[in-house]
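Student: For reference, the sequence and a predicted model appear below.
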Amino acid sequence: MKIDKELVEQFERELDPQHLDASKIKAKLIGFGEISTIFELEAAPGVVFKRMPMFSNRAQARDYLEKYTRYCSFLVKAGVNLPEDSAIVVEKTPKLTVLYFAQQKFDPNSIGNKVVDFLTEDEIRKLAEQIFSTIYGVWDFNQQNKEVDLAIDSQLSNWVFDRQTGALFYLDTTTPLFKINGQEQLDPELLLTSAPSFGRAIIRKFFLQDVMDRYYDEKFVNIDLIANLYKEQKPALIPLFIEVANRFSSEKITQKEIADYYREDKFIWQLFLSLRKMDRWLHRHVYRKEYQFILPGKIKR
């Protein structure tokens, strides 16, 4: 995918993360990750950008990009369809390097959590079967390639379904969670860069490893996918997804497990976002420093 590098560099140089509307290069926010912001640039139609301001130097960003490239290559070998992509490394200051990922833009109504609004129950069941089949293709790959262990975050909003062709694409490739010979390749400390320094010890001790490990676990990946239907305000789909999951799963899933998991997951991410908002306030009013992350408003869960 060809991207205008100078456009992205100019956007980053002029960007005030807390006043996105003030940018000369017009941008539209379309989503948030735990460590990224997802947006479109008016001057780059057909492309979605993920901004990751979490690196202290270019070498660190390049290393992350190399791991991303390997992760994507493994996913493709596991039979996962990925969108066209590209990446740009921007050195904003001597102490801050920002990594931009670019992906082809899909019709917003084809994103998994939106497309189900246009499908019949039978079509939703077939989509669920296609998603779980893809996930279990990843587990099969792990079994056949003992030195590699891929993780996957399977929630509905991470998939694109083309209703015309029936093609399914996986979007959430920018957190490259995979192990080689049992060794985690992603530095977990990078995932903490968006957390305030006063909260990192708590997150590191009680939550970080658990959150990372769950995406390597067959049952937890299934539960996480289904539990996120609560966040998407689609609880009516939960029984259908449980039914499909249990046709694939080596261990049956119950409605209670889904509800219990979501309650804990909701607490973790609400705590994380609250700490980040507190840190943003401290940066603005106490430290008098620019806060580099763009945070969402209130998230309905």
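Tutor: Now that the structure is in, tell me what you want to look at. Numbers count the residues shown, from 1 in each chain.
Student: and the helix or strand containing residue 51, average pLDDT?
Tutor: Following DSSP states H and E, one finds residue 51 within strand 47-55. Mean per-residue pLDDT for strand 47-55: 94.
Student: for the stretch 1-150 of the chain, what spans make up the helices?
Tutor: Using DSSP state H, counting those that start in this stretch, the helices found in the stretch 1-150 of the chain span residues 5-14, 58-77, 112-115, 121-144.
Student: about what we covered before: angle of the strand holding residue 51 against helix 58-77?
Tutor: Relative orientation of strand 47-55 versus helix 58-77 (axes from the mean of the first three to the mean of the last three CA atoms, to 10 degrees): 130 degrees.
Student: which other helices and strands contact strand 47-55?
Tutor: Of the remaining helices and strands, those touching strand 47-55 by 3 or more CB pairs under 8 Å, 6 or more residues apart in numbering; DSSP states H and E are strand 37-41, helix 58-77, strand 96-104. Where C-beta positions appear, they are placed from N, C-alpha and C, glycine not excepted.
Student: buried sites along the longest helix along the chain?
Tutor: Counting by DSSP state H, the longest helix found in the chain is helix 255-282. Residues of helix 255-282 classed as buried: 257, 258, 261, 262, 265, 272, 273, 275, 276, 279, 280, 282 (neighbour count, 16 or more other CB atoms under 10 Å).
Student: cool, and stretch 63-72?
Tutor: Buried residues in stretch 63-72 (16+ other CB under 10 Å): 63, 64, 65, 67, 68, 71, 72.
Student: who does the longest helix of the chain touch, helix- and strand-wise?
Tutor: Using 3+ CB pairs under 8 Å, 6+ apart, helix 255-282 sits against helix 197-203, helix 218-231, helix 238-248.
Student: Export those helices to TSV and append columns for mean neighbour count, distance to residue 44 and mean pLDDT.
Tutor: Shown next, in TSV, are the helices and strands packed on helix 255-282 (neighbours: other CB atoms under 10 Å; distance: least, CB to CB, whole Å; pLDDT from 0 to 100):
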stretch	mean neighbour count	distance to residue 44	mean pLDDT
helix 197-203	14	34	77
helix 218-231	21	29	95
helix 238-248	17	35	98
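Student: Distance check, residue 6 against residue 88.
Tutor: The spacing between residue 6 and residue 88, counted by CB to CB, to the nearest Å, is 10 Å.
Student: wait, residue 282
Tutor: Look at residue 282 and residue 88: by CB to CB, they are 30 Å apart.
Student: same check, this time on residue 261
Tutor: Distance from residue 261 to residue 88, by CB to CB: 37 Å.
Student: ranking the helices of the stretch 1-150 of the chain by burial, who's on top?
Tutor: helix 112-115 (a mean of 20; mean count of other CB atoms under 10 Å).
Student: How about residues contacting that one?
Tutor: Here helix 112-115 makes contact (CB atoms under 8 Å, 6 or more residues apart in numbering) with 108-109, 127, 131, 156-161, 163, 232, 234.
Student: could I get those as a markdown table with pLDDT?
Tutor: What follows is the contacts of helix 112-115, written out as a markdown table (pLDDT from 0 to 100):
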| residue | pLDDT |
| --- | --- |
| 108 | 94 |
| 109 | 96 |
| 127 | 98 |
| 131 | 98 |
| 156 | 96 |
| 157 | 94 |
| 158 | 96 |
| 159 | 98 |
| 160 | 98 |
| 161 | 98 |
| 163 | 93 |
| 232 | 93 |
| 234 | 96 |
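Student: Please pick the buried ones from those.
Tutor: Neighbour counting with 16+ other CB under 10 Å marks 127, 131, 156, 157, 158, 159, 160, 161, 232, 234 as buried within these.
Student: quick one: which of those residues is nearest residue 47?
Tutor: Each of the buried ones among the contacts of helix 112-115 was scored against residue 47 by CB to CB, and residue 160 proved nearest at 14.6 Å.
Student: Parallel or antiparallel, list what pairs with the strand holding residue 51.
Tutor: Here strand 47-55 is paired, per DSSP bridges, with strand 37-41 (antiparallel), strand 96-104 (antiparallel).
Student: for it, the distance to its chain's centre please.
Tutor: Mean C-alpha position of strand 47-55 versus that of the full chain (CA atoms, centre = their mean, to the nearest Å) differs by 11 Å.
Student: before we move on, what about stretch 221-228?
Tutor: So, by CA atoms, centre = their mean, the centroid of stretch 221-228 is 14 Å from its chain's centroid.
Student: Centroid-nearest residue for this protein?
Tutor: In the chain, the residue lying closest to the centroid (CA atoms, centre = their mean) is residue 172, at 4.5 Å.
Student: any idea how far the spatially closest residue to that one that is not a sequence neighbour is from residue 289?
Tutor: Leaving aside its sequence neighbours, residue 172 sits nearest to residue 158 (CB to CB, 6 or more residues apart in numbering; 4.0 Å). Counting by CB to CB, the separation of residue 158 from residue 289 is 33 Å.
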